[in-house]
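J.: Structure for the following, please:
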Amino acid sequence: MYKNMSDNDFKFSNAVIGLPLFFVLFLWVIYWLQIRFDFDFYRYGIYPRDFIGLRGILFSPFIHENLEHLYNNSIPLVILLAAMQFFYPKQTFGVIGYGIVFSGLITWIVGRENFHIGASGLIYVLVSFVFFKGIQTRYYRLVALSLTVILLYGGMIWYVFPDVDQSISWEGHLGGFITGFVLTIFYRTPEYSKPIVYDWQRPDFDPSSDPFMKHFDEEGNFIPASSDDEDIVEYFSSSHLVNYIITKTDLDTED
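T.: From the prediction side, this is the model:
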């Protein structure tokens with residue numbers, strides 16, 4: 001059962017900041033261990049169509065080639081994970097987990113026979129999910145988020161095509177983009193409440209057919225239709241309803 005949601009359902013929590021910072025900090029710790037102890041983590045990346053290379057599906061997002069590679073992935077991860085945790089808190093961990101697995105699996109199937117490493121596949125999962133899910137909900141805040149993501153990272157779409165840059169894993173990017181879109185289909189979000197539209201606000205509203213509006217003329221004057229209505233007019237015509245104006249002179253007189 002899915003309930004209608006409104007702006008009040010978007011609540012800030014410590015996880016909005018904590019999750020992205022913890023995730024990115026973990027990536028930096030892994031990279032520090034790699035250079036501090038000269039670990040060869042690259043062989044734990046995805047190696048397509050090789051049974052041993054399947055382990056890279058889980059490990060590759062946490063391995064980076066150099067400091068520039070890690071830095072370029074860190075900033076988008078902080079922004080996108082914070083947006084996910086704020087706007088889609090119930091779907092965040094599922095999108096991250098399934099996003100890593102299925103984007104990595106696609107890379108393993110279609111990728112070139114090299115080691116594929118880096119968190120960029122997950123970044124494409126998040127960009128794709130946030131964009132398509134916001135459009136699907138048609139809720140103004142989430143649509144605005146979708147447009148913001150496209151404004152910031154729309155240029156990334158070119159890196160899902162081959163031959164743009166042979167040094168990047170376009171297969172991982174493509175796998176992430178496809179996975180993010182598929183997850184928007186399988187991850188249902190609550191229906192968001194729509195503004196209340198009263199009958200008199202509708203374009204096809206006919207005042208003459210409305211039982212309340214028929215008691216008023218074109219100038220807004222009340223038209224009694226029965227003895228009971230005449231009593232109502234007499235009541236509102238008496239001194240029961242009075243607008244009071246207190247002037248400075250009145251205040252001075254009271255003093």
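J.: Tell me where the longest helix sits in the protein.
T.: Ranked by residue count and defined by DSSP state H, the top helix of the chain is helix 14-36.
J.: List the contacts of that helix.
T.: Residues from elsewhere that reach helix 14-36 (CB atoms under 8 Å, 6 or more residues apart in numbering): 39, 41, 62-64, 67, 70, 73-74, 77-82, 85-86, 89, 92, 119. C-betas here are computed from N, CA, C, even on glycine.
J.: Pull out the buried positions in stretch 123-142.
T.: For stretch 123-142, a neighbour-count test (16 or more other CB atoms under 10 Å) marks 123-134, 137, 139, 142 as buried.
J.: now that stretch: how far from the chain's centre is it?
T.: Mean-position distance between stretch 123-142 and its chain equals 5 Å (CA atoms, centre = their mean, to the nearest Å).
J.: where are the low-confidence patches of the stretch 101-250 of the chain?
T.: Segments of the stretch 101-250 of the chain classed as low confidence (criterion: pLDDT under 70) are 190-201, 205-250.
J.: returning to what we had before: restricted to helices, list the contacts of helix 14-36.
T.: 67, 70, 73-74, 77-82, 85-86, 92.
J.: So which of those is surrounded by the most neighbours?
T.: L81 (26 neighbours; other CB atoms under 10 Å).
J.: pLDDT score for the nearest residue to that one once chain neighbours are set aside?
T.: Leaving out its chain neighbours, the residue that sits closest to L81 by CB to CB, 6 or more residues apart in numbering is P20, at 3.7 Å. For P20, the pLDDT comes out at 97.
J.: just I79 next, same as before
T.: Looking at I79, its pLDDT stands at 97.
J.: correct me, but it touches L152?
T.: Yes - counting by CB atoms under 8 Å, L152 is a contact partner of I79 at 7.5 Å.
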